[in-house]
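Asks: curious how this folds, go ahead:
(one chain, ligands or ions: 1)
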Amino acid sequence: MVKVRFVNLEAQLTLIKDVIISKITSFLESGYYIFGPELNNFEKSVAEYCESKFAIGVGNGTDALFLSLKALGIGNGDEVITVPNSFIATAGAISATGAKPVFIDVKDDFTMNPNLIEQAITEKTKAIIPVHLTGKICDMDPILEIAKKHNLFVIEDAAQSIGSKYKGKKSGSFGDFGCFSLHPLKNLNCFGDGGFITTNNEELYNKLLLLRNHGLINRDECVLWGYNSRLDSLQAAILSIKISDLDKTKERINYIVNKYKSGLKNHVEIPSHEDYDDIFYHTFIIKTDKRNELKKYLLEKGIETSIHYPIPIHLQEAARELRYRKGDFPIVEKQAETILSLPLYPELTNEQIDLIIKEISSFNFY
Ligand SMILES: *Cc1c(COP(=O)(O)O)cnc(C)c1O
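Replies: Numbering: from 1, shown residues only. All right, here's what the predicted structure looks like:
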């Protein structure tokens, strides 16, 4: 019998169902289904939350990456440096523009290793996409310094890191763009697909407004070839409710993370962080050489777990044309065999947290 599910979105709904339903009702009666006040309102509050000047709602997190690349003029013949241990969308968005994803290895904490960037730069390199995996922000100081030195753009894949801080600054506020997902599994989520982009650059902001809406400057005049990738106003209306709970969610997630860390540190490798990190965890990933055995053991005890991600992107069938081989990124490859994600959502009960810690502690690692 399952005692702890890896995902439990219905539990989240229960707490806010009435407010959401009355919001949906008034939205339906408003007649503004595309753009309109609800979208403006959400963009304003999420920009404020992310401590960025502008936020632009888009169709999803993948589009956020794709449109950011397009806004910077990146495409055929260009190269973009990123990591192979992300959700497939990071590399997929680069490929969709016609540019080539160039991978570098990561550090123990799953984030891009800045020491490996310079050797990956060629004349074709246009941008770096650091991925703030698990919610932990990449080491941005050296990344920004290298980008500046080589005249490269920086697009943060912040899909997992809303609300996290590095040296006092929020994720998505470091690069030219911060790309966020509002997918149901993210910490700020909607009931379907959604995403947004943050930027402090007004010119790039205006470019994105055009790109997400067919390049139209008004109903009839089009100044560039664009796309249809807007954040649904219905989702925006709901998100305006959810965003006000985000700090509370972060507090609860931190509570769970601290419980996990102190309960598990003698049994498995727990996530590491620096003094200057203030992480809003998206996933809690432990490492053990007995990963597969532990995963099976926990499932027998009724605890679901997951793996983010079991197949590194450079070893995916889709990436064959990039001509990478097994052994190219030893840290990512080793992590893919030892990582295990534990359930992490605010509705986990204290009993469930204790159960997870108890069962992992009683597993025989030898
Ligand atoms: C979720 C995610 C994306 C894609 O977001 P979608 O909204 O699903 O398109 C991109 N990058 C990372 C790291 C993600 O976790």
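Asks: grab the nearest non-local neighbour of whichever residue of the stretch 251-366 of the chain sits closest to the ligand.
Replies: Scanning the stretch 251-366 of the chain for proximity to the ligand using C-beta to the nearest ligand atom identifies residue 282 as nearest, at 7.3 Å. To be clear about C-beta, it is placed using only N, CA and C from the backbone, and glycine gets the same treatment. The shortest distance from residue 282 to any non-neighbouring residue, by C-beta to C-beta, 6 or more residues apart in numbering, is to residue 160 (3.8 Å).
Asks: quick check: the one you found vs the ligand, distance?
Replies: 5 Å (C-beta to the nearest ligand atom, to the nearest Å).
Asks: residue 51 now?
Replies: Distance, residue 51 to the ligand, using C-beta to the nearest ligand atom: 20 Å.
Asks: tell me which element that residue falls in.
Replies: Per DSSP states H and E, residue 51 falls between elements, in no helix or strand.
Asks: OK, contacts around the nearest residue to it once chain neighbours are set aside?
Replies: Ranked by C-beta to C-beta, 6+ apart and with sequence neighbours excluded, the top spatial neighbour of residue 51 is residue 170, at 4.3 Å. Shown in contact with residue 170 (C-beta atoms under 8 Å, 6 or more residues apart in numbering): 49-52, 163-164.
Asks: returning to that earlier point: these two touch, right, the residue of the stretch 251-366 of the chain closest to the ligand and residue 186?
Replies: Yes - with contact defined as C-beta atoms under 8 Å, residue 282 counts as touching residue 186 (6.7 Å).
Asks: if we can go back for a sec, which residues pair with the residue nearest to residue 51 across the strands?
Replies: residue 165 (DSSP bridges).
Asks: can you check residue 157 too?
Replies: Beta-bridge partners of residue 157, as defined by DSSP bridges: residue 131, residue 179.
Asks: who's in contact with it?
Replies: 65, 82, 86, 90, 129-132, 179.
Asks: ok, so what distance separates residue 113 from residue 106?
Replies: 6 Å (C-beta to C-beta, to the nearest Å).
Asks: more neighbours, the two?
Replies: residue 106 (23 against 18; other C-beta atoms under 10 Å).
Asks: which pLDDT value goes with the more buried one?
Replies: At residue 106, the pLDDT value in this model is 98.
Asks: with residue 290 instead?
Replies: So residue 290 comes in at 97 (pLDDT).
Asks: pretty sure it contacts residue 337?
Replies: No - using C-beta under 8 Å, residue 290 is not in contact with residue 337, being 10.7 Å away.
Asks: let me see the contact set for the closest residue to the ligand within the chain.
Replies: Nearest to the ligand, among the residues of the chain, is residue 61, at 2.4 Å (C-beta to the nearest ligand atom). Contacts here follow C-beta under 8 Å, 6+ apart; on that basis residue 61 touches 89, 159, 179-183, 186, 195.
Asks: which non-adjacent residue is nearest it?
Replies: The spatially closest residue to residue 61, leaving aside those adjacent along the chain, is residue 181, at 2.6 Å (C-beta to C-beta, 6+ apart).
Asks: quick check: the one you found touching residue 63?
Replies: No - counting by C-beta under 8 Å, residue 181 stays clear of residue 63, with 9.5 Å between them.
Asks: kindly report the residues of the chain close to the ligand.
Replies: For the chain, the residues in contact with the ligand (C-beta under 6 Å from any ligand atom) are 60-62, 86-87, 89-90, 131, 157, 159-160, 181, 183, 193, 195.
Asks: quick check: which element contains residue 80?
Replies: With DSSP H and E as the criterion, residue 80 is inside strand 79-82.
Asks: now for that strand, which elements pack on it?
Replies: On a contact count with 3 or more C-beta pairs under 8 Å, 6 or more residues apart in numbering; DSSP states H and E, strand 79-82 meets helix 89-96, strand 100-103, strand 125-128.
Asks: chain center to that strand, what's the gap?
Replies: Going by C-alpha atoms, centre = their mean, to the nearest Å, the spacing between the C-alpha centre of strand 79-82 and its chain's C-alpha centre is 17 Å.
Asks: what mean pLDDT does it get?
Replies: On average, strand 79-82 scores 98.
Asks: next one: stretch 265-281
Replies: 97.
Asks: what is the helix or strand of the chain with the lowest mean pLDDT packed up against?
Replies: Lowest on mean pLDDT, DSSP states H and E among the helices and strands of the chain sits helix 9-30, with a mean of 92. If you count contacts as 3+ C-beta pairs under 8 Å, 6+ apart, helix 9-30 packs onto helix 37-49, helix 233-242.
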